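**Student:** 3D, please:
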Amino acid sequence: MAAVEIQVPDIGDFDEVTVIELLVKPGDTVKADQSLITVESDKASMEIPSSQGGVIKAVLVKLGDKVKQGSVVLTLESDTAAPAAAPASEKKPAETPVNRAQAAPEIIATATATAPAVAKPASGGATAIEVRVPDIGDFKDVSVIEVLVKPGDAIKAEQSLITVESDKASMEIPSSAAGVLKELKVKLGDVVNIGDLLAVLEGVATSPSPQASPASGRGSESPAAPTSSSPSGGPGESPVAPTPSTPSTPSAAFAGEGQGEGGRTPPTAALPAHEPTSPTGQLPHASPSVRKFARELGVPLAEVQGQGPKGRITQDDVQAFTRSVMSGATSTQAQAAKAPPAAAAASPSGAGLNLLPWPKIDFTKFGPVERKDLSRIKKISGANLHRNWVMIPHVTNHDNADVTELEAFRVQLNKENEKAGIKLTMLAFAIKACVAALKKFPDFNTSLDGDQLVYKQYFHIGFAADTPNGLMVPVLKDADKKGVMQISSEMAELSKKAREGKLGPADMSGACFSISSLGGIGGRYFHPIINAPEVAILGLSKSLMEPVWNGSEFKPRLMLPMSLSYDHRVIDGASAARFNVYLGQILADFRRVLL
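**Tutor:** Model (predicted):
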């Protein structure tokens, strides 16, 4: 394998940028164009991609390092030879859109070069000044993700007006002149290009200070311009809340509460217990990946207190904020956690339920303690579980299924197939039975998208898998097209990958219904948490022999407890009861699955 040095590509007109996030580590396998590090200039955050795929041998930069075009970020072992890099001292040809696109197709420079202001006479002696989008590199159709000003504001030259975002970078668009903002021509979600009209000012047209670099704008930046980084997101992110969809990262499908009640990302919705603060004039300080994570959870970054260097907001800060909000503490209450209980209880915020702050206790005064960090899976799933439990009106229907004959049939099949190495479990039969129930009751195979229901024509079933690192939810695809033997075989393979930590995003995405089984452990009934954006989840407990009255006498029967949690916005109690009854009928006489 060839050793390849990955260098910083053309990042525009910035001499040095700071490394604020490391996205990979030695030993990781990366693909071409996969992001390696996040860097930040004075007005933009951007992710540096890999020019080749391979296995990382060494990471040569650390947090806080300064890098520039040509700096070696890391070395990796690749099957393909790296293209020869031009010497850093070699004089580059005049930069053109083609050159920049070829040098760094994944990165765009900060848009601080100002476009010339166009002044037009206005009534009353004032001058109307048109402010347009300056040269933002070789990217077209960038989305407006934040509006920083409003009509009537006094604008200074070089003051940021809006924030736009491409696939891997965000940037602030500054004003090319000073004046009073008369009219703003764009809004959140709009797509803009170079030369588009942004705003109309009333005042005297001015041009940027000659001392300021025409591309970087750092030489004599106006004091009024925000100094923190601008919002940024992941590839293809838009400011519009995402619609219900399958997750694109493993974190979206992790389970929780011990029973596979994880959380895939639903439509972004406002968290129920935070106090929006007034604009501060500065943008929150966070990297693109953190901003994307916050948008997925609906977290307002302006209210998050960053604990990173220079107040930078990290992913842990976003998760901590989410936990505090879900516990009933608003951002204001969290800062006043040491206030007297009466003051906290008197909070007028109805959304916060006037709950007291979470207790802060020194446990060491009661005896010896040991502290351990939460596992990565539990950290990721915690916020999703909170969101799902708070935002979805859960109702749980409990019932029993007589699986006496089915259990005997399962044991018989296992004896017959003992040499083949395939061991059938009750969960495999339950998956097949759930597919039949979903076909009969299609409302359970939906997702809520605003005022519409999305009816799915596929049957992908998620099931909880216990692993050394926590519970995960692999997804068995197209269960309606597979027999019980194939379902058992694929379940065993997915469970093995989960235990070995080898599940990929595709293995944990796309489920339309989940099953959480405690059959091998114990318990009677429980309340599984719905795995958003699904609308129901089935919990199975341990089967027990019970005396059942058959009309003339009591007979010992093997009864399987079932707990069906459902979203009451979509499913009513009668439908849930019918679903559970039908499911029990299939498990009692599995021939019904053929009907």
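
**Student:** Under the pLDDT cut-off, which ranges of the stretch 151-300 of the chain? List them.
**Tutor:** 167-169, 204-284, 287-288 (pLDDT under 70).

**Student:** Give me the contact list for the strand or helix carrying V395.
**Tutor:** Assigned by DSSP states H and E, V395 belongs to strand 394-402. By CB atoms under 8 Å, 6 or more residues apart in numbering, the surrounding residues in contact with strand 394-402 are 525, 527-530, 548, 557-568, 573, 576-577, 579-581, 583-584, 587-588. Heads up, the C-betas are built off the backbone N, CA and C, glycines and all.

**Student:** of those, buried ones?
**Tutor:** Neighbour-count burial (16 or more other CB atoms under 10 Å) applied to those gives 527-530, 557-567, 576, 579-580, 583-584, 587-588.

**Student:** taking the residues you listed one by one, which sit in helices?
**Tutor:** A576, F579, N580, L583, G584, L587, A588 (DSSP state H).

**Student:** nearest to I20, of those?
**Tutor:** Ranked by distance to I20 (CB to CB), those are led by A576 at 48.3 Å.

**Student:** returning to that earlier point: what lines up beside the strand holding V395 in the sheet?
**Tutor:** Partners of strand 394-402 in the sheet, by DSSP bridges, are strand 554-567 (antiparallel).

**Student:** pLDDT on the strand it pairs with, on average?
**Tutor:** Averaging pLDDT along strand 554-567 yields 96.

**Student:** what's the answer for stretch 52-71, then?
**Tutor:** On average, stretch 52-71 scores 89.

**Student:** Can you show me the CA trace of it as PDB?
**Tutor:** The C-alpha trace of stretch 52-71 is given here as PDB (Å, rounded to 0.1, in the frame of the first residue of the first chain):
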ATOM      1  CA  GLN A  52      -8.200   9.900  -1.200                       C
ATOM      2  CA  GLY A  53      -9.500   6.800   0.600                       C
ATOM      3  CA  GLY A  54      -7.500   4.600   2.900                       C
ATOM      4  CA  VAL A  55      -6.500   3.800   6.400                       C
ATOM      5  CA  ILE A  56      -5.200   6.600   8.600                       C
ATOM      6  CA  LYS A  57      -1.600   6.000   9.700                       C
ATOM      7  CA  ALA A  58      -1.000   9.300  11.700                       C
ATOM      8  CA  VAL A  59      -2.800  12.500  12.400                       C
ATOM      9  CA  LEU A  60      -0.300  15.300  12.200                       C
ATOM     10  CA  VAL A  61      -2.400  18.200  13.600                       C
ATOM     11  CA  LYS A  62      -4.100  18.700  16.900                       C
ATOM     12  CA  LEU A  63      -6.800  21.000  18.300                       C
ATOM     13  CA  GLY A  64      -5.700  24.700  18.200                       C
ATOM     14  CA  ASP A  65      -3.000  24.200  15.500                       C
ATOM     15  CA  LYS A  66      -2.900  26.700  12.700                       C
ATOM     16  CA  VAL A  67      -2.900  25.300   9.100                       C
ATOM     17  CA  LYS A  68      -3.000  26.800   5.600                       C
ATOM     18  CA  GLN A  69      -3.000  25.600   2.100                       C
ATOM     19  CA  GLY A  70      -0.400  22.800   1.600                       C
ATOM     20  CA  SER A  71      -0.200  21.900   5.300                       C
END
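
**Student:** List the buried residues for it?
**Tutor:** So stretch 52-71, judged by 16+ other CB under 10 Å, has buried residues Q52, G53, G54, I56, K57, V59, V61, D65, V67, Q69, S71.

**Student:** before we move on, the earlier item: rounded mean pLDDT for the next helix or strand after the strand holding V395, please.
**Tutor:** Downstream of strand 394-402, the next assigned helix or strand under DSSP H and E is helix 404-416. Mean per-residue pLDDT for helix 404-416: 94.

**Student:** can you pull the contacts of V593?
**Tutor:** Residues near V593 by CB under 8 Å, 6+ apart: K432, A433, A436, I586.

**Student:** How about the contacts made by the residue lying closest to G306 once chain neighbours are set aside?
**Tutor:** Excluding the flanking residues, the one nearest G306 by CB to CB, 6 or more residues apart in numbering is I313, at 3.8 Å. Contact analysis of I313 by CB under 8 Å, 6+ apart lists P284, H285, A286, V290, A294, L301, V304, G306.

**Student:** a markdown table please, covering these and showing distance to I162 and neighbour count.
**Tutor:** Shown next, in a markdown table, are the contacts of I313 (distance: CB to CB, whole Å; neighbours: other CB atoms under 10 Å):
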| residue | distance to I162 | neighbour count |
| --- | --- | --- |
| P284 | 16 | 22 |
| H285 | 18 | 23 |
| A286 | 18 | 32 |
| V290 | 21 | 30 |
| A294 | 19 | 25 |
| L301 | 17 | 19 |
| V304 | 22 | 23 |
| G306 | 23 | 18 |
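
**Student:** For those residues, give me TSV that also has distance to H386 and secondary structure.
**Tutor:** Below are the contacts of I313 laid out as TSV (distance: CB to CB, whole Å; DSSP: H, G, I helix; E, B strand; the rest coil):
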residue	distance to H386	secondary structure
P284	22	coil
H285	25	coil
A286	21	strand
V290	19	helix
A294	15	helix
L301	18	helix
V304	16	coil
G306	21	coil
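
**Student:** biggest separation within these, which pair?
**Tutor:** Longest span within these, CB to CB: H285 and A294, 12.3 Å.

**Student:** of all the ones in helices among the buried ones among the contacts of strand 394-402, which comes closest to Y455?
**Tutor:** F579 (15.6 Å).

**Student:** tally of neighbours for the closest residue in space to that closest one that isn't next to it in sequence?
**Tutor:** Spatial nearest neighbour of F579, excluding adjacent residues (CB to CB, 6+ apart): F441 at 5.0 Å. Neighbours of F441 under the rule other CB atoms under 10 Å: 17.
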